[in-house]
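1. The following comprises the amino acid sequence and a computationally predicted model.
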Protein chains: 2
Amino acid sequence: MKIDPASPADLSAQIAKAIRDAIISGELIVDERLPSEAELSEQFGVSRSTVREALKRLAAQSLIRTQRGAFGGAFVNRLSYADAYGQQITTSTLLLSMNEVRFETACEARFALERACAPLSAERRSADHLATMRAEIFRQSQPGLTDEAFCASDVAFHRALVDGAGNPVLSYQLAGAVEAMQPLMNMITFSARSREQIVGLHTRIADAIHVRDGAAVCTGLCELERYTVGLARSIMEERARRGT
Amino acid sequence: MKIDPASPADLSAQIAKAIRDAIISGELIVDERLPSEAELSEQFGVSRSTVREALKRLAAQSLIRTQRGAFGGAFVNRLSYADAYGQQITTSTLLLSMNEVRFETACEARFALERACAPLSAERRSADHLATMRAEIFRQSQPGLTDEAFCASDVAFHRALVDGAGNPVLSYQLAGAVEAMQPLMNMITFSARSREQIVGLHTRIADAIHVRDGAAVCTGLCELERYTVGLARSIMEERARRGT
DNA sequence: TCAATTTTCATTGTCAGACATTTAAAAGTC
DNA sequence: GACTTTTAAATGTCTGACAATGAAAATTGA
């Protein structure tokens, strides 16, 4: 782990990169303790504050965790699925909100990925996954639900579908796509009529999952995508008309 | 943006969270300048070093960028697709390397997601995408290629396939899945015979893309998955035998 | 008048030193 | 042997200082 002493700026970024590379390459292994801040500042020939800034960068990526007290210090963190989920959701959400992604584009990506899980989920889902889907459908059919709660339940329904595939890597990859859509979905006002339609499509999907018919799940997801995109478009047009 | 003054530890994490939430909620918009470090330290009632640690956390997530000099400062960064790619690849790579994910699991996720792109890519791919795929196939058939170079070309081939769908959100989501597999793939030694097989399957996929036959692309990807998993398994068994 | 140059100064980057706080191990006590 | 106290190492925070940067403002020169 070395840094370039010739460029006196961005030292903390260089140090963070050096340590990050050491972790990625396996030079530093999980739960291994890094040298103390004082030792690192000596090794790199910089002040303790600079080292601290570097460590905070790594902490922001969940690459290390710190513990205070004697025998404490910075430890290489095992990146858990939960941590990775969180980061991916944050990144995906910001990516969508900052880059004027069209609703159709995001929607297409989300449903395409979800359809990839459908056959696996139909085959492997447990009774638990199916029960969760049914429960969320029931919640979605309750009157008096806010749009936000409806969307949250929608996410939970699709999460159950994805998790049914029993592949944590797939669940992780999908988490971003599904959850990041929620802010966009929250902008849609769901009428009683449209909720009824969506609940109907969810029921069809759950039924297909029930009988382990992957192709039917895909078909259901396709229709749901078409309906969602159409709904969003009509609402946008409505708003544009009222705006002018 | 407020922090809890009652908990005197992890102040920089709290401040980072406050600013991050302000960015996510839209309270701070892209390219907006944050108050200077001195002003922030006054606002939050902490020292400048604490503020700086918070800002470094945000910089590590590409949420802000800083500029030195008068009229410089920290600015809300537009999260570009490139930045998001990079973060996703790092996260996915570490997730796979630190969590003893079975090769089959990662492979299944990767090919399932890729098959999701296949119909879209068959339909929309440009001549450019197809040309890239053909070029990578040609490179893969060259003798004397290192295993690393072969894998890199493999990634490029699949990237072209994914990008052919013309959906940047999809490309972003897939980047992690495809690239994060590379270190695992690099552990496989490709014999001349297996390379020939893979090139053959790639050619079939490219041919299907050529005639815009999405279903055939899916079939080709399925076979490629089966072959890859089988190859990895036999190599692992071989190593285990030699190891004992 | 206008372009080129110099100066100014707000801001980030880095450093050094100090003290507070935490925490597990070590030492002491009953 | 179990409990309490002490110790020391480590992170967390604060203060104050100086260096480096870079755009705006002021100055200069034709």
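-> Cool, got the structure. Numbers count the residues shown, from 1 in each chain, chains lettered A, B, ... in the order given.

2. Buried residues in whichever strand or helix holds residue A:56, which are they?
-> Residue A:56 is part of helix A:48-60, with elements assigned from DSSP states H and E. Under the neighbour-count criterion of 16 or more other CB atoms under 10 Å in any protein chain shown, helix A:48-60 has A:50-60 buried. Yep, even glycine has a C-beta here, placed from its N, CA and C like the rest.

3. For the host helix or strand of residue A:113, enumerate the helices and strands it packs against.
-> Secondary structure from DSSP H and E places residue A:113 in helix A:103-124. Using 3 or more CB pairs under 8 Å, 6 or more residues apart in numbering or on different chains; DSSP states H and E as the contact test, the elements touching helix A:103-124 are helix A:147-163, helix A:168-180, helix A:192-210, helix A:214-243, helix B:103-124, helix B:168-180.

4. Arrange those in a markdown table, one row each, with distance to residue A:110, mean pLDDT and mean neighbour count as further columns.
-> Shown next, in a markdown table, are the helices and strands packed on helix A:103-124 (distance: least, CB to CB, whole Å; pLDDT from 0 to 100; neighbours: other CB atoms under 10 Å in any protein chain shown):
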| stretch | distance to residue A:110 | mean pLDDT | mean neighbour count |
| --- | --- | --- | --- |
| helix A:147-163 | 8 | 93 | 20 |
| helix A:168-180 | 5 | 87 | 24 |
| helix A:192-210 | 14 | 93 | 18 |
| helix A:214-243 | 8 | 90 | 15 |
| helix B:103-124 | 10 | 93 | 22 |
| helix B:168-180 | 8 | 87 | 24 |
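
5. Of those, which is nearest residue B:97?
-> helix B:168-180 (8.7 Å; CB to CB).

6. Spell out which residues make up each domain of chain A.
-> Annotated domains of chain A cover A:11-76, A:81-243 [automatic domain parsing].

7. Could you save these as TSV and add columns showing distance to residue B:236?
-> Output for the domains of chain A, formatted as TSV (distance: least, CB to CB, whole Å):
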stretch	distance to residue B:236
domain A:11-76	19
domain A:81-243	18
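
8. confidence score at residue A:188?
-> If you check residue A:188, the pLDDT there is 78.

9. In chain A, which residue sits closest to DNA strand C?
-> Closest contact between chain A and DNA strand C, by CB to the nearest atom of the strand, is at residue A:69 (2.0 Å).

10. Include distance to residue B:91 when you put the helices and strands packed on helix A:103-124 into CSV, please.
-> As requested, the helices and strands packed on helix A:103-124 are exported to CSV (distance: least, CB to CB, whole Å):
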stretch, distance to residue B:91
helix A:147-163, 18
helix A:168-180, 9
helix A:192-210, 29
helix A:214-243, 26
helix B:103-124, 14
helix B:168-180, 7
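
11. could those be laid out in TSV, adding distance to DNA strand C?
-> Output for the helices and strands packed on helix A:103-124, formatted as TSV (distance: least, CB to the nearest atom of the strand, whole Å):
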stretch	distance to DNA strand C
helix A:147-163	34
helix A:168-180	29
helix A:192-210	46
helix A:214-243	38
helix B:103-124	35
helix B:168-180	27
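
12. Select, out of the ones you listed, the one closest to DNA strand D.
-> With CB to the nearest atom of the strand as the measure, helix A:168-180 is the member of the helices and strands packed on helix A:103-124 nearest DNA strand D (27.3 Å).
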